[in-house]
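**Student:** Compute the structure for the input listed below.
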Amino acid sequence: MASKIKASHILVEKQGQALKIMEELKGGAKFQDLAKKYSTCPSGKRGGNLGEFGRGQMVKAFETAAFALNPGKITPEPVKTQFGYHIIKRTA
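**Tutor:** Below is the predicted model:
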């Protein structure tokens, strides 16, 4: 089991907005472009890139979802945390 992973995310306030972004991703839009356009997190300016992190560094729901992904995959549903709704992509 990986002790550290790399991931990117798109953070928005509303579930409906997150679902619309997921539809854009399914339609072929680039994750980085959508992160720059929609994400309310400062990481959005970097295409959503959060860099490398280990267990215990992110809120539990986010961590669980991110570590469950295979590299290159995106969460099938938005992940709700106290910050909003995340679309997470494991990058490595």
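
**Student:** close enough to count as contact, residue 39 and residue 17?
**Tutor:** No. In this structure, residue 39 is not within contact of residue 17 by CB atoms under 8 Å, at 10.6 Å. C-beta here means a position set from N, CA and C on the backbone, and glycine is covered the same way.

**Student:** Which residue is the nearest non-sequential neighbour of residue 56?
**Tutor:** The shortest distance from residue 56 to any residue other than its chain neighbours is 7.5 Å, reached at residue 63 (CB to CB, 6 or more residues apart in numbering).

**Student:** elements contacting the helix or strand containing that neighbour?
**Tutor:** Element membership for residue 63 (DSSP states H and E) is helix 60-68. Secondary-structure packing of helix 60-68 (3 or more CB pairs under 8 Å, 6 or more residues apart in numbering; DSSP states H and E): strand 4-12, strand 79-81, strand 84-90.

**Student:** give me that answer again for 6 Å
**Tutor:** strand 79-81, strand 84-90 (3 or more CB pairs under 6 Å, 6 or more residues apart in numbering; DSSP states H and E).

**Student:** Scan the chain for its longest helix.
**Tutor:** The single longest helix within the chain, with elements called by DSSP state H, is helix 15-26.

**Student:** pLDDT on that one, on average?
**Tutor:** Computed over helix 15-26, the mean pLDDT rounds to 98.

**Student:** Then stretch 81-92?
**Tutor:** Across stretch 81-92, pLDDT averages out at 97.

**Student:** Give me the buried positions along that stretch.
**Tutor:** Neighbour-count burial for stretch 81-92, counted by 16 or more other CB atoms under 10 Å, picks out 81, 84-91.

**Student:** Distance to residue 32 added to the residues you listed, as CSV?
**Tutor:** Converted to CSV, the buried residues of stretch 81-92 look like this (distance: CB to CB, whole Å):
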residue, distance to residue 32
81, 21
84, 19
85, 18
86, 15
87, 12
88, 14
89, 9
90, 14
91, 10
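
**Student:** Please identify which pair of those lies farthest apart.
**Tutor:** Greatest spatial distance in those: 84 and 91, 20.5 Å, computed using CB to CB.

**Student:** Identify the contacts common to residue 39 and residue 17.
**Tutor:** Counting by CB atoms under 6 Å, 6 or more residues apart in numbering, no residue touches both residue 39 and residue 17.
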